[in-house]
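Novice: Okay, structure incoming, though there's no sequence with it:
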């Protein structure tokens, strides 16, 4: 079974699921938990408190455990209940880190022996056959790449949890010689807002509340706090565009495709900016995962394993 997973700094996404990239470790079976995963001698549950930013997610086992949660959910959805499954993984990395970390990231998921774990007290045994690694941002627009063939230059801007990744497409094909990864994602903005509001109003905010305000959803936050959030978002969007200009990414003379959860939060400010001449927005937060799935299916078919 082919399973695509987008290992975001804020959330883990598959074509069917999205959950915060947070874990809680337990030495004994935790009570009152619906989704408990036991790997080795350790019990794990998902948490709303995300793991701190890790440029290299292979430094410890936590992202592998998050991967097991994603695999378990996809297997359960597909009705795979015989306890054993051969799995192909399709994953991705920021374009600027792709060349450096691609091999290490693939090896992180490979295991010499079958991987056995319990999910919801049910035994699962998987063999990870292939691991395909793709550049983020390009994967997200891969299903629509044919539409970009006629465009000489298009910049794909992926505003994620911790990073904003920029990739240049030439006639719809990625130019990995020109890609940037900026530590200017949504989390960096949120952290500044949380500190400011805590200091001025003695209120505790979190990522969900900030996103709710920017998406126009109902909250009971004071209007002045909402104004702080909106102002910070406008400023952060402008900071991203200014930084891109410093890197010779001029969106006044080149069309842009904005993807990632952050681009939706900032859409109002990005689309109205004088620094952006022509932009499209992809609202699908699972776009990278869906792109990995499509690209890996093509590779499997070419190998005769589809």
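Specialist: Perfect, I can see it now. Because the structure is a prediction, the values reported are computed rather than measured. Residues are numbered from 1 along each chain as shown.
Novice: which residues touch residue 242?
Specialist: Contacts of residue 242 were listed using CB atoms under 8 Å, 6 or more residues apart in numbering, and they are residue 275. (Glycine included, C-beta is placed from N, CA and C.)
Novice: Just to be sure, it is in a helix?
Specialist: Yes - counting by DSSP: H, G, I helix; E, B strand; the rest coil, residue 242 falls inside a helix.
Novice: Please enumerate the helices of the protein.
Specialist: For the chain, the helices defined by DSSP state H occupy 62-78, 95-109, 138-141, 186-201, 207-214, 223-246, 261-265, 267-271, 287-302.
Novice: got the angle between the longest one and helix 207-214?
Specialist: Counting by axes from the mean of the first three to the mean of the last three CA atoms, to 10 degrees, helix 223-246 lies at 90 degrees to helix 207-214.
Novice: what angle do helix 223-246 and helix 186-201 make?
Specialist: Relative orientation of helix 223-246 versus helix 186-201 (the same axes, to 10 degrees): 140 degrees.
Novice: My guess is residue 179 contacts residue 95. True?
Specialist: Yes - between residue 179 and residue 95 there is a contact under CB atoms under 8 Å: 3.5 Å.
Novice: Looking at these two, which one has more neighbours?
Specialist: Neighbour count, other CB atoms under 10 Å: between residue 179 and residue 95, residue 95 has more, with 26 against 22.
Novice: Any figure for the gap between the more buried one and residue 55?
Specialist: The gap separating residue 95 from residue 55 is 14 Å, by CB to CB, to the nearest Å.
Novice: got it, and residue 157?
Specialist: Distance of residue 157 to residue 55, computed by CB to CB: 19 Å.
Novice: With neighbour numbers in mind, choose between these two.
Specialist: Taking other CB under 10 Å, residue 157 and residue 55 do not tie; residue 157 has more neighbours (26 against 13).
Novice: If the more buried one is in a bridge, with which residues?
Specialist: When assigned by DSSP bridges, residue 157 has beta-bridge partners residue 166, residue 258.
Novice: which residues sit in contact with residue 162?
Specialist: 9-10, 53, 183, 185-188.
Novice: oh, I was asking about residue 265
Specialist: Applying CB under 8 Å, 6+ apart to residue 265 gives the contacts 159, 186, 211, 214-215, 233.
Novice: do the same with residue 213
Specialist: Contacts of residue 213 by CB under 8 Å, 6+ apart are 219, 221, 226, 229-230.
Novice: Look at it and report its pLDDT.
Specialist: Residue 213 carries a pLDDT score of 97 in this model.
Novice: still on that earlier bit, find the pair from the contacts of residue 162 with maximum spatial separation.
Specialist: Using CB to CB, those span at most 13.5 Å, a distance reached by 10 and 183.
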